[in-house]
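Colleague: structure for the following, please:
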Amino acid sequence: MAHDGPPAAPPPVPPSGPAVASSASSPAPSARTLLPLVVPSLAVGVASALVLLGVSAVADRLEHVLWQSLPDALGIGRYSALWVIVTLTATGLAVGIVVRLVPGHAGPDPATTGLIDAPLPARVVPGLLLVTGLALAGGVSLGPENPITAVNIALVYWLGRRAAPRAPVALWPALAAAGTIGALFGTPVAAALILSESLAAGQGPGQGPGQGPGPGQGPSQGQGQGQGQGPGSGPGPRGSLWDKLFGPLIAAGAGGLTTVLVSHPTFDLGLPPYPGTGWGDLAAALVIAPVAAALGMAVVYAFPHVHALFRSLPLLRHPVPALTAGGLVLGLLGTLGGQLTLFKGLAEVKTLAADPEGWSAGSFALMTVVKLAALTTAAACGFRGGRIFPAVFAGAALGLCAHALVPAVQPSLGVVCAVLGVLLAITRHGWLSLFTAAVLAADTTILPLLCVAALPAWLLVTGRPQMRLHEDGTPAR
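Modeller: Alright, predicted model coming up:
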């Protein structure tokens, strides 16, 4: 919605000629310049994980109240059609009120944001945390990854610029993003893959046009650069990729280790063991992954139209009615798809995987379509949340649908290939999609097949619109 976002951040300060020359001629990082990154990187990683764990814990408690204690006290079925519709509609109303009234309006329109963006003003953080917790507890089909990453980047950037004003401005967003992603997946590998994609594209988290040094430089390097707003980057640090990722990898490792020690997460779905690759598996993978990518692209193409619908109708131009209406639609979709299509989908997908024969092909197909429709509606109407975990659920349901239709397709193969295709379309992060699909099966023998299956799927999605909009409502590419 047009008025959701906070006031625009000041434009980046373009670097002067001497600053560029200084950065370009600076020596490659050494142990002496990298060691000062260790303590701040560890601190940022642990803090990022604690923010994620704290929000998740509060949301879990509220979820227990909304979906168990309250309906039991009222004598209503916990996941009856009436309760699903009422709860999600009320969640939309509550989130809309927060977006409308809380300072900062819980950040910009979520349709225009991605997993890693430029730092938001610190005053946005309380509202963004509140609406994220409400959406997670209320059953909205979005995950915590986008808003929690934005919160951590905003907090770390704000604190870091005050605690160490001479440190390169790109350092703090990179550490916060890496620490959060490491905490989300319980491993630093996902963060390393995403940041390596950013570096390969010539940009880093929060870097502005012409921005100077990347995250691998020591605190004394790269002075006089911009303020870390917007995408893009200028001259980066010399040295190897490991030099550039040294600090972020520490932050990601600290974040992942904190999550593992506190909550013991696992992405292993407990699928039936993969018996090994055969020629039939290759044929199945080359069909399932592109079909899943095509289905994901259907969602991507529908996204700007659904978003425009919420912005164009006179009654839905403001966040309170738009989010209330969005919550009502999500409630209706939840009654159609059933209890498993609610929430972010990480716990629900394990229920599906535990019994691949427990539903018919039609039921799996229905859950796939409903989950993707719920994801599109939630992201378009103004709920703050991420798209990775709902996309994983949709891909898993689609893969199990393929197994139900063709029993010769192994459940593990169907799930990982379909998850790969859907994630490629919706996130456009190739390494992250491949990594996520691979860890679901917990079997490295399936990796070569996934790499091959990714190629035709990637050809379907590359260069096409993304599930992210510009301020004028046109799709980003």
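Colleague: so where is the stretch 251-400 of the chain shaky, pLDDT-wise?
Modeller: 314-316 (pLDDT under 70).
Colleague: now do the helices in it.
Modeller: 279-312, 319-337, 346-354, 361-381, 388-405 (DSSP state H, counting those that start in this stretch).
Colleague: pull the distance from the second one to the chain's centre.
Modeller: Read that as helix 319-337. 21 Å (C-alpha atoms, centre = their mean, to the nearest Å).
Colleague: kindly report the same for the last one.
Modeller: From the chain centre to the centre of helix 388-405 is a distance of 18 Å (C-alpha atoms, centre = their mean).
Colleague: then the shortest one?
Modeller: Between the centre of helix 346-354 and the centre of its host chain there is 19 Å, according to C-alpha atoms, centre = their mean.
Colleague: list the contacts of that helix.
Modeller: 143, 269-271, 339-342, 358-359, 364, 367, 389, 392-393, 396-397, 400, 411, 415 (C-beta atoms under 8 Å, 6 or more residues apart in numbering). The way it works is simple: take the backbone N, C-alpha and C, and place the C-beta from them, glycine included.
Colleague: just the angle between that helix and helix 361-381, please?
Modeller: Orientation check (axes from the mean of the first three to the mean of the last three C-alpha atoms, to 10 degrees): helix 346-354 against helix 361-381 gives 170 degrees.
Colleague: give the buried residues for helix 346-354.
Modeller: 346, 348-350, 352-353 (16 or more other C-beta atoms under 10 Å).
Colleague: ok, those residues vs Ala441, which is closest?
Modeller: Ala353 (9.9 Å; C-beta to C-beta).
Colleague: picking up where we left off before, the helices of the stretch 251-400 of the chain: which one's closest to Trp83?
Modeller: Nearest to Trp83, of the helices of the stretch 251-400 of the chain and by C-beta to C-beta, is helix 319-337 at 9.1 Å.
Colleague: between the helices of the stretch 251-400 of the chain, which gets nearest to Ser48?
Modeller: Among the helices of the stretch 251-400 of the chain, the nearest to Ser48 by C-beta to C-beta is helix 388-405 (16.6 Å).
Colleague: alpha carbons of that closest one, as PDB, please.
Modeller: In PDB, the C-alpha atoms belonging to helix 388-405 read as follows (Å, rounded to 0.1, in the frame of the first residue of the first chain):
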ATOM      1  CA  ILE A 388      11.100 -19.900   1.400                       C
ATOM      2  CA  PHE A 389       9.400 -22.200   3.900                       C
ATOM      3  CA  PRO A 390       5.900 -22.000   2.300                       C
ATOM      4  CA  ALA A 391       7.500 -22.700  -1.100                       C
ATOM      5  CA  VAL A 392       9.200 -25.800   0.500                       C
ATOM      6  CA  PHE A 393       5.800 -27.000   1.600                       C
ATOM      7  CA  ALA A 394       4.300 -26.500  -1.800                       C
ATOM      8  CA  GLY A 395       7.200 -28.200  -3.500                       C
ATOM      9  CA  ALA A 396       7.000 -31.200  -1.100                       C
ATOM     10  CA  ALA A 397       3.300 -31.600  -1.700                       C
ATOM     11  CA  LEU A 398       3.900 -31.400  -5.500                       C
ATOM     12  CA  GLY A 399       6.700 -34.000  -5.300                       C
ATOM     13  CA  LEU A 400       4.500 -36.400  -3.300                       C
ATOM     14  CA  CYS A 401       1.700 -35.800  -5.900                       C
ATOM     15  CA  ALA A 402       4.100 -37.000  -8.600                       C
ATOM     16  CA  HIS A 403       4.900 -40.100  -6.500                       C
ATOM     17  CA  ALA A 404       1.100 -40.800  -6.000                       C
ATOM     18  CA  LEU A 405       0.500 -40.400  -9.700                       C
END
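Colleague: now for it, which elements pack on it?
Modeller: helix 279-312, helix 346-354, helix 361-381, helix 411-427, helix 430-441 (3 or more C-beta pairs under 8 Å, 6 or more residues apart in numbering; DSSP states H and E).
Colleague: tell me which strands and helices the longest one is in contact with?
Modeller: When contacts are defined as 3+ C-beta pairs under 8 Å, 6+ apart, helix 279-312 packs onto helix 319-337, helix 361-381, helix 388-405, helix 411-427, helix 447-461.
Colleague: dump stretch 107-122 to CSV, keeping only the CA atoms.
Modeller: Provided in CSV are the C-alpha atoms of stretch 107-122 (Å, rounded to 0.1, in the frame of the first residue of the first chain):
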residue,chain,number,x,y,z
GLY,A,107,8.5,-1.2,7.1
PRO,A,108,7.9,-0.8,3.4
ASP,A,109,5.4,-2.7,1.3
PRO,A,110,6.6,-6.3,1.6
ALA,A,111,5.9,-6.9,-2.1
THR,A,112,8.8,-4.6,-2.8
THR,A,113,11.3,-6.3,-0.4
GLY,A,114,13.5,-9.4,-0.6
LEU,A,115,15.5,-11.6,1.7
ILE,A,116,18.4,-9.2,2.0
ASP,A,117,17.8,-5.4,1.6
ALA,A,118,19.4,-2.1,2.6
PRO,A,119,19.1,-1.2,6.3
LEU,A,120,15.7,0.1,7.5
PRO,A,121,15.5,3.0,10.0
ALA,A,122,15.7,1.6,13.5
